[in-house]
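Participant: can't give you the sequence, but here's the structure:
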């Protein structure tokens, strides 16, 4: 059994000092050499050397030294040497030490007294301490607070020793008297802490006697007072009223630490609205006054907890929480927005959106590198506000449309998706949004944003002026046709006969010129003759985005342009009385589509057009040449209907989630009913009354009753040994985020006493044992509960294995009972989570670990198989249920979960029904760390067959 260690010093094992060298240094008169010698001796002792020969040298040559450093090192040396023999009796030579310690305790120098008293705090040998007690008590009267403070600590430590109360019978009484006269804050704190630990009633008595002075006590003392209040109120709930008054008075303390602790104590003790408001206000004030980002994040966590349990009270503080956006840290801003979005009501939404608008404007001017990311967060926040409360959409949508051309593509994408949703849900805004979109369309730089904007234009341009304006905007952004030009003679030549040769081409070179008034104009230069391959005709400066994106080879965008033009031409037929104009627009659209196909099949671009885009553009050409009523209905109405259905599905999902969150447990039908109006109100303050009411409400709604699922609890009990083993052991495993607690019950099934019984555990994976195993003695047929703590550092399936070792009186060797392995399940660490499709795709492409599991199951239905995988892996399906409906013999779905360590787990399930009715396909798991991908893969392989 290893002894406890109260001192740790870094030791360089390179060249350890020799015992003889240390002895020589200590015997000399040179003080620096003595100091070095003592340091070396302590280092060697801490690293397992015994050095028994040094003890007498130290007694002879070091004890008499007057140097303070030498005396301090001597005390450290005495702290770590063995002071007892094998049987636990104090060694006789320790009597020499005793006299020196007594001399130190009456030394004229306060430092020597103080460090000696501090040393006594770590001394467990009663035989050495007993003769020193009168000297220790005498130090309580010393003039210097340093000595008095350490004297209190020494008395407290001695009082806690196994028989300490017999040596210091009246210590609590002495300390209580001492408290009433002491002036030094730190000493008072030590004295009060001793009463708190050793004589709680006296501490409470002292607190209640001096209740008016608590606000004048120092920070250290106030922290102990709060700890005492928490302890007392846990054991005696009836008395918490008077203590809550003390906490409320301490909320005005100058120390931020005390104020934070007060707020936390208030929340844990009381549910009264006054108390919760006071705590929340305190957190908000600290959020603004503290500059440390970690402190801000902790405060936001506390506010988030309050939001969950006291939603109504937190709504009033929404603007105070929003002020945390002034911090430049993105994590703080993200957390703040998350809290605020759940507190929005029709009363405060206008004010919140106004603040968010101001923040969006600030991101335009600032030079911060993370501005784009912050703007994206703000846009998403405004989006969710506008969806919940459509009346605020009109105030923000036009401001956000300025960011369609944002360099941060993700932020621009968020804006365009927001606009797409608002234009459907707010019919009043349609005309103004379409007009604004057409005005700002040329600023858009990203292909994905262009595609979405074109869909909006094609779907919501309804009047004649809007349709005409939309067609002309698209033509302007595409620039002059054709997209490339080749010389006539090359066009005529058959390219298959001979390799294509460079030919002379005439290119119209256009470049912007600056006029006298500072504006741009496009000037055409003289034709230049050059030898080149077929050349791309660049548009002018104003024709920008669609042309330049097409010329990079983005033909998906080309297909979107073709579809939009087809829709606009069909719509023009309905709103334009003149057939000539309609035919003109259609022929222009056809010309653009044919030019895009020509560009796609030419050798100008490095990659030809893809088949999907080619078919899509061809379909649009056919549609414009020959339009039937069925096709017209599909293009002009069915597209919109499917979008509306998607939005309603999304809303339904969100409503279901919020309902699930809001579910509360109700009390049992046979619970007692407490009649609040029949309660005595004598001598109760308003706060106490509120607290009583809230407690009754909680009792009535079952909030105090934790739903402990007993069946689930039994599932977590693991048998470690067999029923025929001399020692029976079973463990109850509790997984709590970063800790695993094993509650092991050990039963001695023999008729003999088991001595030195030790539960030895070892771990595999990212698990680490916290404490060393202890030895126990187990009487015949008795049992023992042993707790073992294990730290977890990552989401990985770990294994705990070990054995029980013990001795019996009649057998000399130790007996070993090997235990069953305990497998820690990854399911305890991961929980279902939500993320957007875009975020899922981004993570999917970034994560480097992939585990591919082939589908091997007896389940015949694809949907049933998916549900089984979701249940087995504790993940959430991100693919909407509407996309999984129907029976096509194929299914693909994305699942997502997050671990308690903040790691993401992504799963893609792709299954297909074969001709023999069996399912075939793959489940792919991706994550940032190897552990989660492998563990989830193993879990799926184990569970996918369909058994439990």
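Facilitator: On my side now, so go ahead. What you see is a predicted model, and the numbers here were worked out from it, not measured in a lab.
Participant: rest of the way, CA atoms for contacts and neighbours
Facilitator: Noted.
Participant: Doesn't residue 627 belong to a helix?
Facilitator: No: with DSSP: H, G, I helix; E, B strand; the rest coil as the criterion, residue 627 is assigned coil and is not in a helix.
Participant: tell me which element the nearest residue to residue 165 once chain neighbours are set aside falls in.
Facilitator: Once flanking residues are discounted, residue 165 sits nearest to residue 159: 5.4 Å by Cα to Cα, 6 or more residues apart in numbering. Per DSSP states H and E, residue 159 falls inside helix 145-160.
Participant: got the buried residues for that helix?
Facilitator: Under the neighbour-count criterion of 16 or more other Cα atoms under 10 Å, helix 145-160 has 145-159 buried.
Participant: Which single one of the residues you listed is nearest to residue 935?
Facilitator: Nearest to residue 935 among the buried residues of helix 145-160, counting by Cα to Cα, is residue 157 at 48.1 Å.
Participant: wait, what's in contact with that closest one?
Facilitator: Shown in contact with residue 157 (Cα atoms under 8 Å, 6 or more residues apart in numbering): 121-122.
Participant: do residue 352 as well
Facilitator: Applying Cα under 8 Å, 6+ apart, we find residue 352 in contact with 319, 344.
Participant: give me that answer again for 6 Å
Facilitator: Contact analysis of residue 352 by Cα atoms under 6 Å, 6 or more residues apart in numbering lists nothing.
Participant: That one belongs to a helix, doesn't it?
Facilitator: Yes: looking at residue 352 with three-state DSSP, it is inside a helix.
Participant: With residue 316 as the reference, measure out to it.
Facilitator: Distance of residue 352 to residue 316, given as Cα to Cα, to the nearest Å: 12 Å.
Participant: Also residue 605?
Facilitator: Distance from residue 605 to residue 316, by Cα to Cα: 60 Å.
Participant: where along the stretch 1-150 of the chain do the helices fall?
Facilitator: 19-27, 31-46, 54-57, 68-80, 94-105, 110-120, 126-129, 133-138, 145-160 (DSSP state H, counting those that start in this stretch).
Participant: Quick check: bridge partners of residue 762?
Facilitator: As for beta bridges, residue 762 partners with residue 801 under DSSP bridges.
Participant: Let me know the pLDDT of it.
Facilitator: Looking at residue 762, its pLDDT is 87.
Participant: That one: neighbouring residues, count only.
Facilitator: By the measure other Cα atoms under 10 Å, the count of residues near residue 762 is 13.
Participant: coming back round to it: kindly reformat the helices of the stretch 1-150 of the chain as CSV and extend each row with distance to residue 780 and mean pLDDT.
Facilitator: Listed next are those as CSV, based on distance: least, Cα to Cα, whole Å; pLDDT from 0 to 100:
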stretch, distance to residue 780, mean pLDDT
helix 19-27, 49, 84
helix 31-46, 39, 87
helix 54-57, 44, 85
helix 68-80, 37, 88
helix 94-105, 39, 84
helix 110-120, 39, 91
helix 126-129, 32, 83
helix 133-138, 41, 89
helix 145-160, 31, 90
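Participant: And the nearest residue to residue 185 once chain neighbours are set aside, what's its pLDDT?
Facilitator: Nearest residue to residue 185 in three dimensions, chain neighbours excluded: residue 218, at 6.0 Å (Cα to Cα, 6+ apart). Note on residue 218: pLDDT of 82.
Participant: cool, and residue 922?
Facilitator: Reading off the model, residue 922 has pLDDT 91.
Participant: before we move on, what about residue 161?
Facilitator: 84.
Participant: do residue 302 as well
Facilitator: For residue 302, pLDDT reads 90.
Participant: do residue 639 as well
Facilitator: 83.
Participant: so which helix or strand takes in it?
Facilitator: Element membership for residue 639 (DSSP H and E) is helix 639-662.
Participant: Could you give me the buried positions within that helix?
Facilitator: Under 16+ other Cα under 10 Å, helix 639-662 has no buried positions.
Participant: Low-confidence ranges, the stretch 651-800 of the chain, go.
Facilitator: 660-713, 737, 794-797 (pLDDT under 70).
Participant: 50 instead?
Facilitator: Along the stretch 651-800 of the chain, the parts satisfying pLDDT under 50 run over 665, 704-709.
Participant: show me where the stretch 651-800 of the chain has strands.
Facilitator: Assigned by DSSP state E, counting those that start in this stretch, the strands in the stretch 651-800 of the chain fall at 717-719, 727-736, 739-748, 754-764, 767-769, 775-778, 783-792, 798-808.
Participant: Now do the last one: everything it contacts.
Facilitator: If I follow you right, that is strand 798-808. With Cα under 6 Å, 6+ apart as the test, strand 798-808 has contacts from 754-765, 814-819, 821-824.
Participant: Enumerate every residue touching residue 251.
Facilitator: Residues near residue 251 by Cα under 6 Å, 6+ apart: residue 259.
Participant: Helices of the stretch 251-400 of the chain, start to end?
Facilitator: 256-269, 273-289, 293-309, 311-315, 318-322, 330-341, 349-365, 371-388, 393-401.
Participant: Residue 918: which of these is closest?
Facilitator: Residue 918 lies closest to helix 371-388 among the helices of the stretch 251-400 of the chain, at 43.0 Å (Cα to Cα).
Participant: So which other helices or strands are in contact with the closest one?
Facilitator: Of the remaining helices and strands, none touches helix 371-388 by 3 or more Cα pairs under 6 Å, 6 or more residues apart in numbering; DSSP states H and E.
Participant: relative to helix 639-662, how tilted is that helix?
Facilitator: 90 degrees (axes from the mean of the first three to the mean of the last three Cα atoms, to 10 degrees).
Participant: give me the low-pLDDT residue ranges for the stretch 451-600 of the chain?
Facilitator: Residues of the stretch 451-600 of the chain that meet the cut-off, pLDDT under 50, sit at 488-511, 513, 515-517, 521-535, 538-543.
Participant: Now do the strands in it.
Facilitator: Counting by DSSP E, counting those that start in this stretch, the strands of the stretch 451-600 of the chain are 484-485, 503-507, 510-514, 520-524, 528-532, 535-536.
Participant: quick revisit: I'd like the helices of the stretch 1-150 of the chain laid out as JSON lines, including distance to residue 558.
Facilitator: Output for the helices of the stretch 1-150 of the chain, formatted as JSON lines (distance: least, Cα to Cα, whole Å):
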{"stretch": "helix 19-27", "distance to residue 558": "86"}
{"stretch": "helix 31-46", "distance to residue 558": "76"}
{"stretch": "helix 54-57", "distance to residue 558": "90"}
{"stretch": "helix 68-80", "distance to residue 558": "81"}
{"stretch": "helix 94-105", "distance to residue 558": "92"}
{"stretch": "helix 110-120", "distance to residue 558": "81"}
{"stretch": "helix 126-129", "distance to residue 558": "90"}
{"stretch": "helix 133-138", "distance to residue 558": "91"}
{"stretch": "helix 145-160", "distance to residue 558": "81"}
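Participant: Would you tell me which of these gets closest to residue 428?
Facilitator: Across the helices of the stretch 1-150 of the chain, closest to residue 428 is helix 145-160 (Cα to Cα), at 75.0 Å.
Participant: Could you list everything residue 783 pairs with in the sheet?
Facilitator: residue 747.
Participant: just checking, it touches residue 746?
Facilitator: Yes: using Cα atoms under 6 Å, residue 783 is in contact with residue 746, at 5.4 Å.
Participant: Those two: who's more crowded?
Facilitator: residue 746 (22 against 16).
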